[in-house]
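Visitor: what follows is a predicted structure for the sequence shown.
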Amino acid sequence: MNLGISATEFVSQAKEGAISVEEFIAKTLERIKQVEDKVHAFITVDSQNALAKAKDIDKKIRSKEKIGSCFGMPVSIKDNICAAGLKTTCASKMLENFVAPYDATVISRLKNEDAIIIGKVNLDEFAMGSTTEFSYFGTSRNPWNPQYVPGGSSGGSGVSVSALECVASLGSDTGGSVRSPASFCSVVGLKPTYGLISRYGLVSYANSIEQIGPMARTVEDVAFLLNIISGHDSHDNTTINNPQVDYLKDLKSGISGKKIGIISQMIGEGIDKEVASATNMAISKLQDLGAECIPISLDAVEHSVAAYYTIASAEASSNLSRYDNLRYGFNFGTEGYEFKAYVAKARSNFGPEVTRRMLLGAYVLSAGYYGKYYLKAQKVRAMIKAQLDEAFKKVDFLISPTMPILPFKIGEKIDDPLKLYLTDINTVTANLSGIPAISVPFAISSSGLPIGIQLFANSFEENKLLQAAYVLQETTDLPEVPL
Ligand code: GLN
């Protein structure tokens, strides 16, 4: 039995009865046991429920009962998305024992389609980070070389898909957290347009810029998942009420005659040589297939990381103030504490990166500094959006490397927050402006590490974006993960 099959292959085989869902789930659980020591993707594995559900689905398939479009496909979920009855820890000591009382909208939609939630996967604490090193439960490791970071913050999602511990995963992307691990682990990851997917049941980090996003082995699979999880939700008023699109329908339309802008600021200075040459290779392949590629300058991008960390930290400091150990948190009682001593002890359950963000956020919002930092960052955000609007008058897509550098060694940058923040230079633009962006696995470096290429489209043009991503995917022939 091949655990590396795509979601669409899984569905067609399960539908025909060519694979037993129970057997597939049992093999997947075995695989998890086998590789977790090396890669540590999971925080919770829900073996019993997964097996019970699989049996039930097999029975329904045999008796030709009506069944959801996922046919028991095993999906892992980033541990900041609530699935009823399972812990949602956000990889934080603060929520170590928090059991979600309800399903996020994306989870209920997956369950309605008979997906199996195989477990909850690792992340940087509260999704703040780019490597999954800032997890209270320990670092996830890159399946392509376990000494290297898998990217983050949805590292557990990228790792579990890449290491064949599930067929697909959901991550969240506030500043690149779906696309970074997708790129570093050689899987496909989509950050959808802001408002396309409900955030109900996603633990908030920075509400105005984040989206849940699908991660899988192929572009088709990402389109398939998007069909299920996208759409208006009365529980999240930021979701848009557009007519439902079938993202699989025109996936193979090609890119002939389309225009692609190469973002100069994302492929010049500071980009690893092999990453740059892979990007140039991707551009020339797209040209060969009928696209016209032209350079596009977006100079506001140079300020994007500074604006992103200002806005994201400001929103984080406000969101995380709810963890006071009374409503949520680590309950040690209030007896015998003065107010300040109590708050200090309660808040000390956050890790170092989350603490840094809260302090930074409180600072940029404070009286006297608001105009200098927060307001300025919002102006940069508006500039980025205006420059993108102009760009999309000239081109259909934009292209860049997803990450400026190759995956690096665990521990290499952990003591230098600024270096870590700068690795987000190519991803934060999509979040600040709300536009969709996708990372497609494109090459393997001479050192055996994955390189992903990023494509952007205008808001709510996921259909077009997935068509271009599909073309790019079809130009590649990548090796299997060496694990
Ligand atoms: N690395 C970025 C941060 O730490 C992005 C995280 C994310 O997208 N959740 O904020």
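Guide: Structure received.
Visitor: number of residues surrounding the closest residue to Asn122 other than its chain neighbours?
Guide: By the measure of Cβ to Cβ, 6 or more residues apart in numbering, the closest residue to Asn122 outside its immediate chain neighbours is Gly156, 3.3 Å from it. Yep, even glycine has a C-beta here, placed from its N, CA and C like the rest. Neighbourhood size, Gly156 [other Cβ atoms under 10 Å]: 34.
Visitor: how much space between Gly156 and the ligand?
Guide: Going from Gly156 to the ligand by Cβ to the nearest ligand atom, to the nearest Å gives 13 Å.
Visitor: do Ala18 as well
Guide: Ala18 is 38 Å from the ligand, by Cβ to the nearest ligand atom.
Visitor: show me what contacts the residue lying closest to His235 once chain neighbours are set aside?
Guide: Once flanking residues are discounted, His235 sits nearest to Tyr200: 3.8 Å by Cβ to Cβ, 6+ apart. Neighbouring residues of Tyr200 by Cβ atoms under 8 Å, 6 or more residues apart in numbering: 104-105, 233, 235-236.
Visitor: pop out the phi and psi values for the residue lying farthest from the centre of the chain.
Guide: In the chain, Gly336 marks the outermost C-alpha relative to the chain mean, sitting 42.6 Å out by Cα atoms, centre = their mean. Phi and psi for Gly336, reported as degrees, to the nearest 10, are phi 80, psi 0.
Visitor: distance of Glu346 from the ligand?
Guide: Not Glu; residue 346 is Ala. On the measure of Cβ to the nearest ligand atom, Ala346 and the ligand end up 23 Å apart.
Visitor: what residues are bridge-paired with the closest residue to Cys166 other than its chain neighbours?
Guide: Closest residue to Cys166 in three dimensions, ignoring its sequence neighbours and counting by Cβ to Cβ, 6+ apart: Ser76, at 4.2 Å. The partner list for Ser76 in beta bridges (DSSP bridges) reads Gly119, Ser169.
Visitor: contacts only, for Ser76.
Guide: Contacts of Ser76 by Cβ under 8 Å, 6+ apart are 41-42, 117-121, 156-157, 160-161, 165-166, 168-170.
Visitor: over to Ile451?
Guide: Per Cβ under 8 Å, 6+ apart, neighbours of Ile451: 183, 274-275, 278, 401, 406, 441-445.
Visitor: which ones among these map onto strands?
Guide: If you go by DSSP state E, those have 401, 441-444 in strands.
Visitor: highest neighbour count among the contacts of Tyr200?
Guide: Counting by other Cβ under 10 Å, top hit in the contacts of Tyr200: Ala104 with 28 neighbours.
Visitor: any chance of the backbone angles for it?
Guide: Phi and psi for Ala104, reported as degrees, to the nearest 10, are phi -60, psi 160.
Visitor: all numbers from here: first residue = 236
Guide: Okay, using 236 as the starting number, the last item reads as Ala339.
Visitor: which ones are touching it?
Guide: Neighbours of Ala339 in contact, by Cβ under 8 Å, 6+ apart: 316-318, 433, 435-437, 447.
Visitor: farthest pair in the residues you listed?
Guide: The span of those, defined through Cβ to Cβ, is set by Ala318 and Ser433 at 14.3 Å.
Visitor: circling back: closest to the ligand among the ones in strands among the contacts of Ile686?
Guide: Pro636 (16.0 Å; Cβ to the nearest ligand atom).
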